[in-house]
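K.L.:
after the sequence you'll find the predicted model.
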Amino acid sequence: MTTMESTDKQQHTVSGAEITLDGVSKIYRGQQAPAVDNISLTVPAGEIVMFVGPSGCGKTTTLKMINRLIEPTSGTISIGGENIRAKKVDELRRTIGYVIQGGSLFPHMSVAKNISIVPKLLGWNTSRVKDRVDELLDLVGLDAAKYRDRYPRELSGGQQQRVGVARGLAADPPVILMDEPFGAVDPITRQRLQDELLSIQRELHKTIVCVTHDIDEAIKLGDRVLILQEGAHVAQYDTPEVVLSSPANDFAQDFVGAGSSLKRLSLARIADLELKTPTTAKVGDSTAQVRSRAEANGDGSVIVLDDRNRPLGWPWLRQLTGEKIVQPSGDLINLDSRATLNDALDTMLVSGHGGAVVTGDRDAYLGVIDFKTVTDFIEEMQREAETETKAAPAAGSDEHPASRISIAPTDEELDGGREG
Amino acid sequence: MSIHIDAPIEQPAVGAGPAPRRGRLSGGSAIELFGIPILVVVGFLLYVWWRQTATLDSIEASSLDWSEVRLEVWQHLKLTVVASLVVVAIAVPLGVLLTRPRLRFLAPAVVGVANAGQAAPSIGLIVLLFMWLSGWSGFWVAILALALYGILPVLRNTITGLQGVDPTLVEAGRGLGYSGGSVLLRVELPLALPVIMAGIRTSLVLVVGTAALATFINAGGMGGMITAGITLYRYPVMVAGAVLIALLALLVEWVGRVLELLVRPKGI
C-alpha cells in the first residue's frame, strides 16, 4: 500500500496551518448579550485544540466562524496568516475539513460519493478521487472494497462517524473543524473513534479544532484545552496537564470537576507503559508449531495477526483446532497505544483475558497490556506524587498544588468503575 | 430485506418469486403495484366483451365507435399530460422559491391562494376561464384550468418535502463547500423527491378526473361520452364513458406509483 510507505516520510511534517482569532465577537440579531464576546486566540499549527464548555457558551459559534458558516460581527480570523475573508466563501470551506456529529452523511449518496464531494468540487480527476477514497477508508479502519458502495443507512453509527471523518479529511485540508464529532455513539465506540483520531493525527499533523461538552474527551484528545464560559470568555487555555492540576479560576475548577484524581488516569497513555509480548501467530501458520511455541513461552493463549500485522483474535490454545491457524471468529477490541489508562481499564473489564491487545499506527500489533501493569503504574504514580507532596511544602511553593491530587483511585472508586 | 407478497392468483409466488424491487416495497404497496394493472386489464376486457355482444342502436354504436373512443382517450391523455407538465414546471420552482430564507414568509399566503384554487368548483373554473379568455382555444383554457386545479398538491408537497430535509445536512453541505445552488440540487431536492413525487401523483389523479369536464368548452376528452349519454338519453353510453374514465384514472395513478419508485434516490 502506497499509504503505508509514505507514512514514515510524513511522520514529522506538520501539514496543518495556524489559526488566529483577533478580537472576534458575534452578536445575533435581536439579542442584547453577545454570543461570543471579543475572543482572541491562537491555535498552533499541527495541534489539536479542544473547545470545551457548557451548552450555550459560544463554543460552536466560535467554531463556525472559522469556516464562515457564521459571520462574525467584528474582529478578524486568519488561517496560515491569511484573512479568511480574502477568499470566496465556498473556496475557503473547501480548504477546511468539516466533521459533524453523527457524521451527517448524505443518505442518498454512497460512502464513496460522500467522501469524494470536496475532491470533486476541487476538480480532481476520477482515478485520483477513487484512489483517495480507498486510501481514506483504509485510514479510518474500514475495508474499502466492502464499504465503498454502501449507503449510510447500511452502516452502524460508529462506521458513519468514521466515514464522516474520512469526508472531512478528503482533500487533505490543513485545518479540520469538528463539531461534537463523537457525541452520538456509545462509549466503547467513542473511545475507539477517539483513539483512531489520535492515530490519524500522529500521521497527518493537521490543525484540528474540536468542540465538545465532555471534559474527559477534551483532556484525552487535546494538545491544548480551551475552557469557555458564557459569551465565549476564555476561562483557561492550556495543556490538559495544567488544566487538571491548576485550574485558572472557580469556573474551570468546577468544570474540570470532582474526581479529577481519576481524571489523571486520562493523562497517562498506554504508550508510557511497558507492554507484554505473548506468543503471536499468523493466519496460515501450522497449529502444532504455534502450540509448541506458546507452551515453551508458558502462554495459554496466542494472538492471531493478519498479513498486515493487525490483530484478528486472541484464542485460547484449546480453541486452536485444525492443521493451520484460521481467522478467529468474534470481534477483538483493541486499544490504541494513545489510549488512556482509563480506556485500558474499561477495555480489560470486557475482555476475557484480564488484559487488552494494544495497536499502533493503522492497527498494527504492538503488544498486550495486562491489569497488573496498570495497577503497578498507578501505584508508581502515587508514590511519585507523595514524594512531590512532601517536597512541595519544603520548597514553600503552592504554584503546583499537587498535594490536592491523589493519583491512585481508592478501592471504592475502582469497584464502582468495575460495576459500571 | 425480503418481501412477502400476498400474490394475486395470477402471479403465484413460485420458487424465489419476483425479485423484490430493491427492498422498497411494503406488502400493501406491492399489491397496489401489481394489482392495479391487473384490475385495469380485467375491467377493460369486460368492457370489450360487453361492447362486442350488447345490442346497440345506431346512436349508441356511433358514440361508442372504436375510432371515436380512441380519439377521446388520446385527447384526454394529452390534456392530462400537458396540464401535469405545466403543474410541475410551475409548482416545483415556486415551492423551491418559497422555502428560501428570503421568501419563506410568503409561503402561507401562496399556499392559501392555491388552496382557494382547488376549493373552487372545477366546472365553474373551466367555464369562467373560457368566458374570460375568449381568444384562447378550448384546449389551452382547459390546460390552464386543470393546472390551476392540480397545482396545490405539488406545491404543498414541494414545500413540505424541502422543509423536511434535515437542516444539519444543508449546513453540512455548505460547510463542505457546496454553493447554495449545489446544495439545493445535490442535497435538498434529492432528499425531498419522494415527497414531491407523492404530490405529483395526487395531482395527476386530480387532473385526469377533472379533464372529463373539458368537453364543455370543446376541448375534447372522454367527458364527451358522458355528456352524449346524458343529452341523448343513452345511459349505456354514459356508463361506458364513466367506466373508461375510471380505468384510465387507475392506470394514471399506477404510472404515478411506478414513477415514484423509479426516481426515488437509492439509499433513502
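P.N.:
On my side now, so go ahead.
K.L.:
which parts of the stretch 1-150 of chain A sit against chain B?
P.N.:
A:67, A:69, A:90-94, A:98, A:100-101, A:104, A:106-110, A:117-118, A:121 (CB under 8 Å from any CB of the partner chain). Every C-beta, even on glycine, is put in place using the N, C-alpha and C of the backbone.
K.L.:
mind exporting the C-alpha coordinates of stretch A:319-339 to PDB?
P.N.:
Taking Å, rounded to 0.1, in the frame of the first residue of the first chain, the C-alpha atoms of stretch A:319-339 are listed here in PDB:
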ATOM      1  CA  GLN A 319      -9.600 -23.300  20.700                       C
ATOM      2  CA  LEU A 320      -6.900 -23.900  18.100                       C
ATOM      3  CA  THR A 321      -8.100 -26.800  16.100                       C
ATOM      4  CA  GLY A 322      -7.300 -27.900  12.600                       C
ATOM      5  CA  GLU A 323      -3.900 -28.000  10.900                       C
ATOM      6  CA  LYS A 324      -3.500 -24.400  10.100                       C
ATOM      7  CA  ILE A 325      -4.300 -21.200  12.100                       C
ATOM      8  CA  VAL A 326      -7.600 -19.700  10.700                       C
ATOM      9  CA  GLN A 327      -9.100 -16.300  11.200                       C
ATOM     10  CA  PRO A 328     -10.700 -16.400  14.700                       C
ATOM     11  CA  SER A 329     -14.400 -15.600  14.900                       C
ATOM     12  CA  GLY A 330     -15.700 -12.800  17.100                       C
ATOM     13  CA  ASP A 331     -14.600  -9.200  17.300                       C
ATOM     14  CA  LEU A 332     -11.400  -8.300  19.100                       C
ATOM     15  CA  ILE A 333     -11.500  -5.000  21.000                       C
ATOM     16  CA  ASN A 334      -8.100  -3.300  20.600                       C
ATOM     17  CA  LEU A 335      -6.600  -0.400  22.400                       C
ATOM     18  CA  ASP A 336      -4.600   2.200  20.600                       C
ATOM     19  CA  SER A 337      -1.300   3.000  22.200                       C
ATOM     20  CA  ARG A 338      -2.500   6.600  22.600                       C
ATOM     21  CA  ALA A 339      -5.500   5.400  24.600                       C
END
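K.L.:
can you tell me how far the most centrally placed residue in chain A sits from A:Phe371?
P.N.:
Central residue of chain A (CA atoms, centre = their mean): A:Gln194, 2.8 Å from the mean position. Plainly put, A:Gln194 is 22 Å away from A:Phe371 if you go by CB to CB, to the nearest Å.
K.L.:
over to A:Gly298: give its phi and psi.
P.N.:
phi 80, psi 30 (degrees, to the nearest 10).
K.L.:
burial of it, as a residue count?
P.N.:
8 (other CB atoms under 10 Å in any protein chain shown).
K.L.:
residues contacting residue 189?
P.N.:
Since you didn't name a chain, this refers to chain A. Contacts here follow CB atoms under 8 Å, 6 or more residues apart in numbering or on different chains; on that basis A:Thr189 touches A:Ser156, A:Gly157, A:Gly158, A:Gln161.
K.L.:
sorry, I should have been clearer: chain B.
P.N.:
B:Val96, B:Leu162, B:Ile196.
K.L.:
leaving out chain neighbours, which residue sits closest to the second one?
P.N.:
The reference is to B:Leu162. Of all residues not flanking B:Leu162 in the chain, B:Thr99 sits nearest, at 4.3 Å (CB to CB, 6 or more residues apart in numbering or on different chains).
K.L.:
that neighbour sits in which helix or strand?
P.N.:
Using DSSP states H and E, B:Thr99 is not contained in any helix or strand.
K.L.:
thinking it is in contact with B:Gly161, fair?
P.N.:
No: between B:Thr99 and B:Gly161 there is no contact under CB atoms under 8 Å: 9.1 Å.
K.L.:
quick one, which of those two is more surrounded?
P.N.:
Between B:Thr99 and B:Gly161, B:Gly161 has the larger neighbour count (other CB under 10 Å), namely 23 against 20.
K.L.:
which other helices and strands does the helix or strand harbouring that one contact?
P.N.:
For B:Gly161, the enclosing helix or strand under DSSP H and E is helix B:138-163. Helices and strands touching helix B:138-163, by 3 or more CB pairs under 8 Å, 6 or more residues apart in numbering or on different chains; DSSP states H and E, are helix B:66-97, helix B:107-119, helix B:122-132, helix B:189-210.
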